[in-house]
Every structure is written in structure tokens, then in C-alpha cells.
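Participant: Provided below are the primary sequence and the corresponding predicted coordinates.
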Amino acid sequence: MPLTDDLRRANQELWERMVTHPFPQELGDGTLPREKFRRYFLQDYAFVGPLIKLVALGVAKAPDLSSARPLAAFLQGFFAGGEEGLFQRVFQDLGVPPEEYLRVRPLPTTQAFNAYLTAVAYDGSFADILTCLLVTEGAYVDWSRRLARTGRIPSDSFYREWIDIHASEELKGFVDWVAGWLDRAALSPGQRARVEEVFTAVLRYEFAFWEMAYHGEAWG
């Protein structure tokens, strides 16, 4: 069985809890309260920097140019439009001024998630970095495409665009490439054990991120 199938099977219960969490479900129904989306979006903005750093260091650690190219294209896609442009439009619609989102303080879950991704970016292998992306991007492809398949299209244009970005063929193609690279990699038992550890840790953080956005969180 391919490595990525093993990873999903070993974490199936948690994966399902993440992709069927009330946050994306209500996002798809258009019933998610704006204050929850506002909290999520601000924290996601605080999360983007470490994610971009992870991808950039993945380019640097790639074993060859063909492995670096999809990561470089991912970065270009982010900065050329897509999510970066959407951030600005949503913040304007939500009435979030630049001085707030540019100085947003990560909540505890965001800070811990950011610290973990940064550690993997600097200290992890190329396979470790791709494993992070298999979860962060793959889980979003899964929940968004499930919503799309069931015809759940919220009337809120920003909710709809956030779903569409993650359900896109471009992002799915990137995730498929990540999975294919990992499935073809000749990993040692130690490297495979590390990939399994990273996959589970990132999936736990993704679920915790939904929980933080949906229920709220504060520093003690």
C-alpha cells in the first residue's frame, strides 16, 4: 500500500473529524457567524508566514529541480493573486484595518502550530516538509471538494471564494504531486517513522485550529 494511503488509514478518525468539523460545514451552508470567520481569518493570516517559509525552505531542500518546481509554483500562485488578494478583500469587507491584521497576535494554538511548522522547515527533511503540506493543503482540498460535490454553495461571496480556492484543480494537482513524491520516495524505516509522526502532529494542529476558530481562545 502506498505510504500516503497508510498515513490516511492510520489517522482516518482524526482526518474525518477535521474535514467534517462544524466550521467548514457551516461555512458551506452559509450559516457560520461572521465573528467566527473573522477570528479564523485573522489567525490564518498569522499562520501564512510560517507556511510560506516552510514551502520556501522546501524549495531550498529539494533534491533536484523537478522536485523544487511545484513548490516554487505554489509560492508564485499565492503571491500572484489567489489567497493573498482574497485576504485583503475580506479584511476590508469585515472592517479589519491594516493596523489590526498586520499586527495580529497569534492565539495559543496558532503560535504552537507556527512554531511546529517553523521547526520542521529548518530542521526537517524534504519529505517532512512535503508531509506537512500533504495535511495542510490536502485536508483543505478534501473538505472543500466534499462541499462542492454536495452542491453546498453559500450566498456569502467570501465564504464561496474561500471554498472555491481550496477546491480548485490547481490545488488538488499540487496535493496529488506531493502524495506521488512521497509514495515514490525510498525512505528508510527511520525516515518513514518521522513522516508518520509529522503527519499526525500537523493533523492534530489543523483540528485544533478549527476548534480555536469556532469556539474561541484567549491567552490566560
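Facilitator: Cool, the structure landed. Numbering: from 1, shown residues only.
Participant: residues in contact with residue 202?
Facilitator: Going by C-beta atoms under 8 Å, 6 or more residues apart in numbering, residue 202 touches 116, 117, 131, 132, 135, 136. Bear in mind the C-beta positions are built from the backbone N, C-alpha and C, glycine included.
Participant: mind running it again at 6 Å?
Facilitator: For residue 202, the contacting residues are 132, 135, by C-beta atoms under 6 Å, 6 or more residues apart in numbering.
Participant: so it is in which element?
Facilitator: Element membership for residue 202 (DSSP states H and E) is helix 189-215.
Participant: Residue 210 versus the spatially most central residue of the chain, what's the distance?
Facilitator: In the chain, the residue lying closest to the centroid (C-alpha atoms, centre = their mean) is residue 136, at 3.0 Å. Separation of residue 136 from residue 210 (C-beta to C-beta, to the nearest Å): 13 Å.
Participant: related to what we said a few turns ago, list the buried residues for the helix holding residue 202?
Facilitator: Buried residues in helix 189-215, counted by 16 or more other C-beta atoms under 10 Å: 192, 194-196, 198-214.
Participant: likewise stretch 18-31?
Facilitator: Using 16+ other C-beta under 10 Å as the burial criterion, the residues of stretch 18-31 that qualify are 18, 19, 21, 23, 24, 25, 26, 27, 28.
Participant: Show me the shaky parts of this protein.
Facilitator: 80-84 (pLDDT under 70).
Participant: after the helix or strand hosting residue 28 comes which helix or strand?
Facilitator: For residue 28, the host element (DSSP H and E) is helix 22-29. Following helix 22-29 in sequence order, the next helix or strand is helix 34-61 (DSSP H and E).
Participant: Report the inter-axis angle for that following helix versus helix 22-29.
Facilitator: Relative orientation of helix 34-61 versus helix 22-29 (axes from the mean of the first three to the mean of the last three C-alpha atoms, to 10 degrees): 110 degrees.
Participant: for helix 34-61, packing partners?
Facilitator: If you count contacts as 3 or more C-beta pairs under 6 Å, 6 or more residues apart in numbering; DSSP states H and E, helix 34-61 packs onto helix 65-79, helix 82-94, helix 108-123, helix 126-149, helix 189-215.
Participant: residues touching residue 212, list them.
Facilitator: Listed by C-beta under 6 Å, 6+ apart, the contact set of residue 212 reads 107, 109.
Participant: And residue 118, by the same measure?
Facilitator: residue 50.
Participant: how far away is it from residue 124?
Facilitator: According to C-beta to C-beta, residue 118 stands 10 Å off from residue 124.
Participant: quick one on the thing from earlier: nearest to residue 56 among the buried residues of stretch 18-31?
Facilitator: residue 18 (25.4 Å; C-beta to C-beta).
Participant: now the helices and strands packed on helix 34-61 as JSON lines including distance to residue 8?
Facilitator: Shown next, in JSON lines, are the helices and strands packed on helix 34-61 (distance: least, C-beta to C-beta, whole Å):
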{"stretch": "helix 65-79", "distance to residue 8": "21"}
{"stretch": "helix 82-94", "distance to residue 8": "25"}
{"stretch": "helix 108-123", "distance to residue 8": "19"}
{"stretch": "helix 126-149", "distance to residue 8": "9"}
{"stretch": "helix 189-215", "distance to residue 8": "9"}
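Participant: Select, out of those, the one closest to residue 171.
Facilitator: The closest of the helices and strands packed on helix 34-61 to residue 171 is helix 126-149. By C-beta to C-beta, the value is 5.6 Å.
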